[in-house]
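>>> Sequence and predicted structure, then a few things I'm wondering about:
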Amino acid sequence: MSLTEELAKLREALAERAGLGDQLESKREMEHFVSFRSLREATEATTHFEDAGWQVDADIAQDQHSRFPLRVYRIQRIDVEHAENALRSVHSITLKHGGSYDGFGAVFIEADGTEPRGFFGRLFGNP
């Protein structure tokens, strides 16, 4: 997907999270998933991500699709401004090294600052 499409997808996800009560101003780990065609590209991108302040899972191995996936992450707020800036940064570095951007994720933080209970916990009132 293009950066414009990824930004639209991000804004939609953030609006949905806010509507469900996620405290977007609370810091948490935001992760991005990217992949590369070669070990060289993945290794060079890893160095670039780390120089830009990101952490990268260190185990670079080829997957079943002959790609080299990476999980890039850092602790940050996920309000629209911070999340969009992070996406732009990751997307730019990924493209510079010939990679593909595959998506993002972050835990949900409720108003009291805790991660949400699981499905059965919400159903039965237990954590």
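Done, it's in.

>>> Enumerate every residue touching the closest residue to residue 24 other than its chain neighbours.
For residue 24, ignoring the flanking residues on the chain, the nearest one in space by Cβ to Cβ, 6 or more residues apart in numbering is residue 79 at 4.5 Å. C-beta here means a position set from N, CA and C on the backbone, and glycine is covered the same way. Going by Cβ atoms under 8 Å, 6 or more residues apart in numbering, residue 79 touches 14, 24, 25.

>>> in which helix or strand would I find the first one?
Assigned by DSSP states H and E, residue 14 belongs to helix 3-19.

>>> mean confidence score for stretch 36-55?
If you average the pLDDT over stretch 36-55, you get 97.

>>> The protein: strands as residue ranges?
Counting by DSSP state E, residue ranges of the strands within the chain are 28-36, 55-56, 68-76, 100-106.

>>> As CSV, the ones you listed with mean neighbour count would be great.
Output for the strands of the chain, formatted as CSV (neighbours: other Cβ atoms under 10 Å):
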stretch, mean neighbour count
strand 28-36, 20
strand 55-56, 16
strand 68-76, 19
strand 100-106, 17
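
>>> Any chance of the ones you listed in CSV with distance to residue 20 as columns?
Written out in CSV, the entries for the strands of the chain read as follows (distance: least, Cβ to Cβ, whole Å):
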stretch, distance to residue 20
strand 28-36, 15
strand 55-56, 27
strand 68-76, 20
strand 100-106, 13
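
>>> Out of those, which is closest to residue 6?
Residue 6 lies closest to strand 100-106 among those, at 6.2 Å (Cβ to Cβ).

>>> tell me what that closest one is packed against?
In terms of contacts (3 or more Cβ pairs under 8 Å, 6 or more residues apart in numbering; DSSP states H and E), strand 100-106 is packed against helix 3-19, strand 28-36, helix 80-96.

>>> change it to 7 Å
Of the remaining helices and strands, those touching strand 100-106 by 3 or more Cβ pairs under 7 Å, 6 or more residues apart in numbering; DSSP states H and E are strand 28-36, helix 80-96.
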